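S.K.: my questions concern the predicted model and sequence given below.
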Number of protein chains: 2
Amino acid sequence: MFSIGDLSRHTGVKVPTIRYYEQVGLIEADERTEGNQRRYSRAGLERLGFIRHARDLGLSLDAIRALVALDPADHATTHAIAREHLADIRDRMGRLARLEAELKRIMAACDGSHDHECNILEAFADHGQCAHEH
Amino acid sequence: MFSIGDLSRHTGVKVPTIRYYEQVGLIEADERTEGNQRRYSRAGLERLGFIRHARDLGLSLDAIRALVALDPADHATTHAIAREHLADIRDRMGRLARLEAELKRIMAACDGSHDHECNILEAFADHGQCAHEH
DNA sequence: GTAATTCCTCTAGCGACTAGAGGTTCAAGG
DNA sequence: CCTTGAACCTCTAGTCGCTAGAGGAATTAC
């Protein structure tokens, strides 16, 4: 049996976060001691490891909830969740790339001379110069 | 003079969001009508446009606050903020790229057959298989 | 003059935690 | 057995950037 601190050390998830996960119904302590402290089995430890890893991959707690509730033989749904997340990641990468391009353009707009207002500020304000749609 | 709705239509920032920006000290109405409704000048409209654009670029309200409080001649600080944000964007892109690579690896781990547990679930749980550091 | 629309303030909620107060239990050493 | 100190407990509130809704007042168009 592991204490909440043991779980934290093993998985790298902070103690208050573990309690938060319990609160939102992602994990449960297998037992409590006489004095009301949480005790976890190895399965509990592994479940938290799974959650940690999925979080690191950027999955929402909702998506993780769906994943842990899944029938392990349900390949279709598992794939669907993973595919959806992959699409989401690609979407975010695309948007970041556009942001990067525009920020570079904006920064190039300032020649660094000191006798006028900085074009960066102007460029930030000027929607019309902007290449991508808002 | 523009009403809050006019500002919203011109900038694409929703009305409650404009009020929120006022609450956190980013903008102010130039006047109020007899009946307590906000009225904005053209300068107010432009300020909101600036904020909108900066938000679209992913800057935090804190960063925007710093930007609008800036001396327009202060090129150094303006550049510093923009550079910092650019670095942040690149950092996020890098992390997303690693996530993408690992998700693809995980998805490849499942051959799609129906007579065992899905390797995707196992791969999610198995920290050891994971290429990048958590 | 009335009806539709817009506006007002205020409070509470979202996700995923984090921080702190104030108190209790556990494990180890003497 | 007893004390100490670390780890634990619950509870509340704060973070960011909004968004939603209640309940009511002002403005605008016809």
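M.R.: Yes, it's here.
S.K.: can we go C-alpha only for contacts and neighbour counts from here?
M.R.: Fine.
S.K.: CA atoms of the strand or helix carrying A:A66 as PDB?
M.R.: Applying DSSP states H and E as the criterion places A:A66 in helix A:61-68. The C-alpha trace of helix A:61-68 is given here as PDB (Å, rounded to 0.1, in the frame of the first residue of the first chain):
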ATOM      1  CA  LEU A  61      -9.200  15.200 -18.300                       C
ATOM      2  CA  ASP A  62     -12.400  14.600 -20.100                       C
ATOM      3  CA  ALA A  63     -10.700  12.700 -22.800                       C
ATOM      4  CA  ILE A  64      -8.800  10.700 -20.200                       C
ATOM      5  CA  ARG A  65     -12.000   9.900 -18.400                       C
ATOM      6  CA  ALA A  66     -13.300   8.500 -21.700                       C
ATOM      7  CA  LEU A  67     -10.100   6.500 -22.100                       C
ATOM      8  CA  VAL A  68     -10.100   4.900 -18.700                       C
END
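S.K.: and it, what's buried?
M.R.: Buried residues in helix A:61-68, counted by 16 or more other C-alpha atoms under 10 Å in any protein chain shown: A:63-65, A:67.
S.K.: the helix or strand encompassing A:D6 and chain B in contact?
M.R.: According to DSSP H and E, A:D6 maps onto helix A:4-11. No - judged by C-alpha under 8 Å from any C-alpha of the partner chain, helix A:4-11 and chain B are separated, with a smallest distance of 9.6 Å.
S.K.: that older thread, now the helix holding A:A66: mean pLDDT?
M.R.: Mean pLDDT, computed over helix A:61-68, is 90.
S.K.: okay, now the domains of chain A?
M.R.: A:4-59, A:75-129 (automatic domain parsing).
S.K.: those: which one's closest to B:F124?
M.R.: B:F124 lies closest, by C-alpha to C-alpha, to one member of the domains of chain A: domain A:4-59, at 6.0 Å.
S.K.: count of neighbours near A:R52?
M.R.: Residue crowding around A:R52 was assessed by other C-alpha atoms under 10 Å in any protein chain shown; the count is 21.
S.K.: same check, this time on the one 5 residues further on
M.R.: By the other C-alpha under 10 Å criterion, the neighbourhood of A:L57 contains 21 residues.
S.K.: can you pull out the helices in chain A?
M.R.: A:4-11, A:15-23, A:42-56, A:61-68, A:75-108, A:119-125 (DSSP state H).
S.K.: cool, thanks, talk later.
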